[in-house]
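[1] next one to model:
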Amino acid sequence: MDLFLFTVDAGFGRDVVAAGAAGIVVDWERRGKARRQAGEGTQINADTVEDLARMRAATDGRLLCRVNGAGPWTAGEVEDALAAGADEILLPMVRTPEEVDRALDLVAGRCGLGILVETQGAVERVAELARRPLSRVYVGLNDLRIDRRSTELFRPLVDGTVDAVRAAVRQPFGVGGLTLPGGGFPVPGVLLAAELVRLRTDFTFLRRSFTADMAGRDPFVEVPRLLASLADLAGADPRTAADRRAGFVAAVEGAAVAADAAVAVPA
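    Sure, this is the predicted structure:
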């Protein structure tokens with residue numbers, strides 16, 4: 001499973017890639033995000049063209065740039081990303097094939113174009129979307145939860161939604177995110193990692209929790225340890241894999257019950 005780190009810290013990014021990660025994501029997505037994710041406590045980055053160019057200079061790893069959702073600004077952002085050295089552009093909050101076709105026209109084969117499936121509209125039309133010449137398809141659980149007005153981040157992993165998307169996608173497929181072995185809350189990271197393995201996930205992201213858990217640790221120790229844990233999960237026998245799937249479902253259901261109980265407690 002390829003790991004992509006969200007960062008504009010050149011030294012940290014360089015070391016994580018040198019230690020075994022596949023590449024870096026520089027994040028330009030912020031248009032409408034504060035309004036969409038208001039009160040969610042989510043990460044909203046403010047990375048720049050200069051950050052992208054700096055990360056290009058720091059590493060030979062694959063460099064992805066998440067631009068803003070489709071709009072009049074997309075053409076300019078595509079040109080800026082290409083000029084700064086992006087290998088791929090990630091288009092978030094996709095809702096229609098027409099948005100993807102427009103982005104593909106703008107990219108014109110000069111780099112890869114991946115999409116983020118994080119709206120119900122994209123889920124419902126994923127087979128149509130996946131017929132496009134995309135470099136990768138990623139299911140964004142948090143924005144999908146918000147789009148569905150759900151309180152449960154991992155529900156699409158247990159209600160068949162992500163399985164259906166996975167079945168429709170032939171390109172490199174990604175979902176979720178990972179941190180170091182032993183981390184993860186409220187669902188233990190090892191169970192989430194096992195779920196990603198079950199789904200034959202080709203890539204995933206390392207974001208805020210990974211960066212926090214890495215404080216004071218050596219990337220040349222921890223990244224190989226994470227990759228080894230994924231290889232170990234992939235080598236599990238069918239019964240162990242089934243037990244881990246059952247454990248993941250139970251953890252998601254338990255987290256949902258805990259969340260409902262917290263809401264029910266009077267302030």
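[2] going by C-alpha atoms from here, please, whenever you check contacts or count neighbours.
    Will do.
[3] hey, C-alpha coordinates of stretch 191-210 in PDB?
    Extracted C-alpha coordinates of stretch 191-210, given in PDB (Å, rounded to 0.1, in the frame of the first residue of the first chain):
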ATOM      1  CA  LEU A 191      -8.500  -2.600  12.700                       C
ATOM      2  CA  LEU A 192      -8.800   0.300  10.300                       C
ATOM      3  CA  ALA A 193      -5.500  -0.800   8.600                       C
ATOM      4  CA  ALA A 194      -6.900  -4.300   8.300                       C
ATOM      5  CA  GLU A 195     -10.100  -2.900   6.700                       C
ATOM      6  CA  LEU A 196      -8.000  -1.000   4.200                       C
ATOM      7  CA  VAL A 197      -6.200  -4.300   3.400                       C
ATOM      8  CA  ARG A 198      -9.500  -6.100   3.000                       C
ATOM      9  CA  LEU A 199     -10.600  -3.500   0.500                       C
ATOM     10  CA  ARG A 200      -7.400  -4.000  -1.500                       C
ATOM     11  CA  THR A 201      -6.600  -0.400  -1.000                       C
ATOM     12  CA  ASP A 202      -3.700   0.700  -3.200                       C
ATOM     13  CA  PHE A 203      -2.800   3.900  -1.400                       C
ATOM     14  CA  THR A 204      -3.800   6.000   1.600                       C
ATOM     15  CA  PHE A 205      -2.900   9.200   3.300                       C
ATOM     16  CA  LEU A 206      -0.800  10.100   6.400                       C
ATOM     17  CA  ARG A 207      -2.200  13.300   7.900                       C
ATOM     18  CA  ARG A 208      -2.600  15.100  11.100                       C
ATOM     19  CA  SER A 209      -2.700  12.100  13.500                       C
ATOM     20  CA  PHE A 210       0.400  10.600  11.900                       C
END
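[4] does the residue nearest to the spatial centre of the chain lie in a helix or a strand, and which?
    The chain has Phe205 as the residue nearest its centroid, 4.7 Å off, counting by CA atoms, centre = their mean. Using DSSP states H and E, Phe205 sits within strand 203-206.
[5] go on, Leu226?
    Assigned by DSSP H and E, Leu226 falls in helix 219-234.
[6] what is that helix packed up against?
    helix 10-18, helix 189-198 (3 or more CA pairs under 8 Å, 6 or more residues apart in numbering; DSSP states H and E).
[7] please identify the deepest-packed of these.
    Mean neighbour count, computed with mean count of other CA atoms under 10 Å, is highest for helix 189-198 among the helices and strands packed on helix 219-234, reaching a mean of 22.
[8] need the contact partners of that one.
    175-176, 178-184, 230, 233-234, 241, 244-245, 247-248 (CA atoms under 8 Å, 6 or more residues apart in numbering).
[9] drop anything exposed from those residues.
    Listed as buried from those are 175-176, 178-181, 184, 230, 233-234, 241, 244-245, 247-248; burial here means 16 or more other CA atoms under 10 Å.
[10] tell me which of these has the lowest pLDDT.
    Lowest pLDDT of those: Gly184, 76.
[11] circling back to that earlier point, the strand holding Phe205 pairs with which strands, and in what direction?
    Take DSSP bridges as the rule and strand 203-206 pairs in its sheet with strand 2-6 (parallel), strand 173-177 (parallel).
[12] those strands into a markdown table, with extra columns for distance to Arg155?
    Converted to a markdown table, the strands paired with strand 203-206 look like this (distance: least, CA to CA, whole Å):
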| stretch | distance to Arg155 |
| --- | --- |
| strand 2-6 | 23 |
| strand 173-177 | 12 |
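[13] quick one: closest of these to Tyr138.
    Set against Tyr138 and scored by CA to CA, these come closest in strand 173-177, at 4.4 Å.
[14] run the chain-centre distance for the closest one.
    Put simply, strand 173-177 sits 5 Å off its chain's centre (CA atoms, centre = their mean, to the nearest Å).
[15] and that strand with helix 189-198, angle?
    Using axes from the mean of the first three to the mean of the last three CA atoms, to 10 degrees, the inter-axis angle of strand 173-177 relative to helix 189-198 is 170 degrees.
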